[in-house]
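Undergrad: sequence and predicted structure below; questions after.
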Amino acid sequence: MTERTSSTDAAAPELTITRVFAAPRELVFKAWTELERLRQWWGPQGFTWVTGTLDLRPGGVFHYGMRAPDGADLWGKFVYREVTPPERLAFVSAFSDAAGNTVRAPFSATWPLEILNVLSFAEQEGRTTLTMQGYTVNATEAERKTFAEWRDSVQQGFAGTFAQLDAHLAAA
């Protein structure tokens with residue numbers, strides 16, 4: 001039997017990404033919390049938005065489907081824990097199937113099933129600093145190790161996603 005820890009696995013985040021956007025925080029927050037905006041930028045570069053639903057409230061779900069450049073469909077979801085406009089957003093992210101059931105990541109049998117993401121939005125002189133902290137949830141030791149080993153890849157992936165957010169904000 002594999003031992004899982006309960007709730008968030010560490011007091012300190014296992015991943016921290018900070019990015020400054022040339023937009024007011026209310027707009028950056030809306031980009032994270034409005035379906036029409038999310039569909040324009042969310043996801044890995046090169047992926048195409050297929051569908052999504054959004055229920056923005058604690059306990060609510062953002063469930064989305066995307067198509068990879070190779071034609072494979074990929075599903076994911078956020079389950080919201082906290083929604084405090086425009087300063088904080090917390091959600092548990094997971095890969096899912098089309099019905100919204102949590103599934104293993106297609107790229108790793110030991111990727112954590114759930115990751116808590118805590119986003120803080122701070123504005124200064126019309127620019128927004130987004131700090132995203134990631135914590136594994138109920139992860140096994142092997143899952144925590146995989147998450148740590150993939151930290152650089154995750155940061156690179158978010159750099160591409162945040163570039164898409166930059167473009168969306170510039171056009172808004």
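TA: Arrived safely, thanks for sending.

Undergrad: the helix ranked longest in the chain packs against which elements?
TA: Ranked by residue count under DSSP state H, the longest helix found in the chain is helix 151-171. Applying 3 or more C-beta pairs under 8 Å, 6 or more residues apart in numbering; DSSP states H and E, one finds that helix 151-171 contacts strand 15-21, helix 25-33, helix 35-41, strand 127-137. Bear in mind the C-beta positions are built from the backbone N, C-alpha and C, glycine included.

Undergrad: which neighbouring elements make contact with the longest one?
TA: In this case it means strand 127-137. Using 3+ C-beta pairs under 8 Å, 6+ apart, the elements in contact with strand 127-137 are strand 15-21, helix 25-33, strand 114-124, helix 141-149, helix 151-171.

Undergrad: now do it: everything it contacts.
TA: 7-10, 13-25, 27-28, 92, 112-123, 143-144, 147, 154, 158, 162 (C-beta atoms under 8 Å, 6 or more residues apart in numbering).

Undergrad: next one: stretch 129-137 to chain centre, how far?
TA: 9 Å (C-alpha atoms, centre = their mean, to the nearest Å).

Undergrad: I'd like the mean pLDDT over it, please.
TA: For stretch 129-137, mean pLDDT is 97.

Undergrad: in it, what's buried?
TA: Going by neighbour count (16 or more other C-beta atoms under 10 Å), the buried part of stretch 129-137 is 130, 132-137.

Undergrad: wait, isn't Arg88 in contact with Arg81?
TA: No - contact criterion C-beta atoms under 8 Å: Arg88 and Arg81 do not qualify, at 10.2 Å.

Undergrad: what touches both of the two?
TA: Common contacts of Arg88 and Arg81, defined by C-beta under 8 Å, 6+ apart, are absent altogether.

Undergrad: pLDDT below threshold where in the protein?
TA: Applying pLDDT under 70 to the chain flags residues 1-11.

Undergrad: residues in contact with the most centrally placed residue in the chain?
TA: In the chain, the residue lying closest to the centroid (C-alpha atoms, centre = their mean) is Ser93, at 5.9 Å. Taking C-beta under 8 Å, 6+ apart, we find Ser93 in contact with 76-78, 114-115, 117.

Undergrad: element containing it, please.
TA: Following DSSP states H and E, one finds Ser93 within strand 88-96.

Undergrad: just the CA trace of that strand, in PDB.
TA: Only the C-alpha atoms of strand 88-96 are listed here, as PDB (Å, rounded to 0.1, in the frame of the first residue of the first chain):
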ATOM      1  CA  ARG A  88      -6.600  35.900  -4.400                       C
ATOM      2  CA  LEU A  89      -7.600  32.700  -6.100                       C
ATOM      3  CA  ALA A  90      -7.000  29.100  -4.900                       C
ATOM      4  CA  PHE A  91      -7.900  25.900  -6.700                       C
ATOM      5  CA  VAL A  92      -7.000  22.300  -6.900                       C
ATOM      6  CA  SER A  93      -6.000  21.400 -10.400                       C
ATOM      7  CA  ALA A  94      -6.100  17.900 -11.900                       C
ATOM      8  CA  PHE A  95      -6.200  16.100 -15.200                       C
ATOM      9  CA  SER A  96      -9.600  14.700 -15.900                       C
END
